[in-house]
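Chemist: Structure, please.
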Amino acid sequence: MESLPRGSARWYVAVGDVGQTAGRLGHHERLVALADELAGAWSDDGTTGPAVMAATRVVVRLFFAGVYDRAELLHARIEAVAGRFSGDPAVSGPIFRALSVRAQFAGHLDRCRALTEASLRCFEQTGDVRNACVARGNLAEAEIRLGAYAEAVALLRGAVADAERMGLERAVITGRHNLGFALGRLGAIDEGFAVESEAVTAAVKGDWRSIEGVSRAYLAWLLRSAGELEAAEKEAQRAVALLETTKPFQVVALATRAEVMLARGRPSEALAEAREAMALLASLGKVEEGAELARLVYARALEATGDHPAARAAIADARDRLLATAARIDDLRRRDGFLQNVSENAQTLELAREWLGAAAIAPTVAGDGWPPA
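Modeler: Residues are numbered from 1 along each chain as shown. Below you'll find the model as predicted:
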């Protein structure tokens, strides 16, 4: 990158490539430095397509790395010039992808889905089959977050098959690890376990530590669902260790391990794990996944250790935050799916009704501090 003329099209391509790699490897300082370089070369009036496309790649990795302040600054620059590229799907596709990730982290799940679908249409329009394949996988992830598991499975089966034909190793692994989870949520535990195990094996071979970590967290959930609690705890422990340097993803691993410990009849240990997950969630403000599970398991662990007042306060908070997210989902069918089909969400509402009763204070929209509404 240093050998290329600063601000040239090739330089911006290199910035995007390096940003992607730095983010995936957990080199967050390098990622921040790249964001600063982009900011230094940025011109709202004269920003080119290559500059915007490089910025979209870096901002996505900043969000996933939990570097939200820098991500918000770069996102604002992208959003400010997005309209200028509305007639250029080659640039609009990456822009929609970046906007969808920000919407996801801001808790606007159906907006995230719509923007992801828009990015897919752009890639299809330009004949960019590789990015279209990746976008279908991203759309499936958006469906999973909304509890639309059958739709996700259909998308992922096609995306994985296409990725295999094109030799897109990372897309294959990511697709499989999401497919295994979605199958499990539909009740196909054995098939889900087999697919998730394939994802783990491939991630180990490719040294994709973050994907391996999340995949092992999913394996732990699948094993717990099958009653294989000892094996589930081992996988959850591996997930926590693997995600040590990828904090936003570690929340789901910690929460899953706490859930397994509760199932094994060790509430005090479960509470310690749940507290760690909650502390990490509080320090980050928002994560890609695992927040709802962490809040639910924390409340259950408090109840299991006999701290009933704290458990009720925790479930009230979990309910309020869950309903605040649901209120941002404009499509009522998708909102219902989010609340009813995602098991931790349905359990949160059921426990709130059971523990707090009909006389409970009406839920309010709880603020996370970040990100803004």
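Chemist: hang on, isn't V297 packed against A274?
Modeler: Yes - here V297 reaches A274: they are 4.9 Å apart, a contact under Cβ atoms under 8 Å. C-beta here means a position set from N, CA and C on the backbone, and glycine is covered the same way.
Chemist: anything in contact with each of the two?
Modeler: By Cβ atoms under 8 Å, 6 or more residues apart in numbering, V297 and A274 have these common neighbours: 255, 258.
Chemist: In the stretch 1-150 of the chain, where is pLDDT below threshold?
Modeler: Scanning the stretch 1-150 of the chain for pLDDT under 70 picks out 1-2, 44-46.
Chemist: quick one: the helices in it?
Modeler: For the stretch 1-150 of the chain, the helices defined by DSSP state H, counting those that start in this stretch occupy 9-25, 28-41, 49-65, 68-81, 89-105, 109-126, 129-145, 149-166.
Chemist: how much space is there between V15 and A76?
Modeler: Separation of V15 from A76 (Cβ to Cβ, to the nearest Å) stands at 18 Å.
Chemist: from what I can see A232 touches R224, true?
Modeler: Yes - A232 lies in contact with R224 (Cβ under 8 Å); the separation is 4.2 Å.
Chemist: These two - which one has more neighbours?
Modeler: Set A232 next to R224 and count neighbours by other Cβ atoms under 10 Å: A232 wins out with 25 against 22.
Chemist: so where does the closest residue to that one other than its chain neighbours fall, helix or strand?
Modeler: Nearest-residue entry for A232: L223, 3.7 Å, with adjacent residues in sequence omitted and distances by Cβ to Cβ, 6 or more residues apart in numbering. Assigned by DSSP states H and E, L223 belongs to helix 209-225.
Chemist: hang on, the earlier thing: for the residue nearest to A232, list the residues it contacts.
Modeler: 193, 229, 231-232, 235.
Chemist: Now the two most distant members of these.
Modeler: Spatial extent of the contacts of L223 (Cβ to Cβ) is set by the pair F193 and L229 at 14.4 Å.
Chemist: mean confidence for the helix holding L223?
Modeler: Mean pLDDT, helix 209-225: 96.
Chemist: so how far is that helix from its chain's centroid?
Modeler: Its chain's C-alpha centre and that of helix 209-225 lie 14 Å apart, by Cα atoms, centre = their mean, to the nearest Å.
Chemist: Now do the buried residues in whatever helix or strand comes next after it.
Modeler: Toward the C-terminal end, the helix or strand that comes next after helix 209-225 (DSSP H and E) is helix 229-242. In terms of neighbour count (16 or more other Cβ atoms under 10 Å), helix 229-242 has its buried residues at 229, 231-236, 238-240, 242.
Chemist: okay, the angle between helix 229-242 and helix 209-225?
Modeler: If you take axes from the mean of the first three to the mean of the last three Cα atoms, to 10 degrees, helix 229-242 sits at 160 degrees to helix 209-225.
Chemist: can you list contacts of helix 229-242?
Modeler: Identification of contacts with helix 229-242 by Cβ under 8 Å, 6+ apart yields 209-210, 212-214, 216-217, 219-221, 223-224, 250, 253-254, 256-257, 260-261, 263-264.
Chemist: Let me know the next secondary structure element after that helix.
Modeler: Going down the chain from helix 229-242, the next helix or strand is helix 247-263, by DSSP H and E.
Chemist: Enumerate the positions of that following helix that are buried.
Modeler: For helix 247-263, burial by neighbour count (16+ other Cβ under 10 Å) applies to 247-262.
Chemist: how about F338, phi and psi?
Modeler: The phi and psi torsions at F338 (degrees, to the nearest 10) take the values phi -60, psi -40.
Chemist: just checking, it touches R328?
Modeler: No - with contact defined as Cβ under 8 Å, F338 does not reach R328; the gap is 10.0 Å.
Chemist: which one of these two has more residues nearby?
Modeler: When neighbours are counted by other Cβ under 10 Å, F338 comes out ahead of the other of F338 and R328, with 24 against 17.
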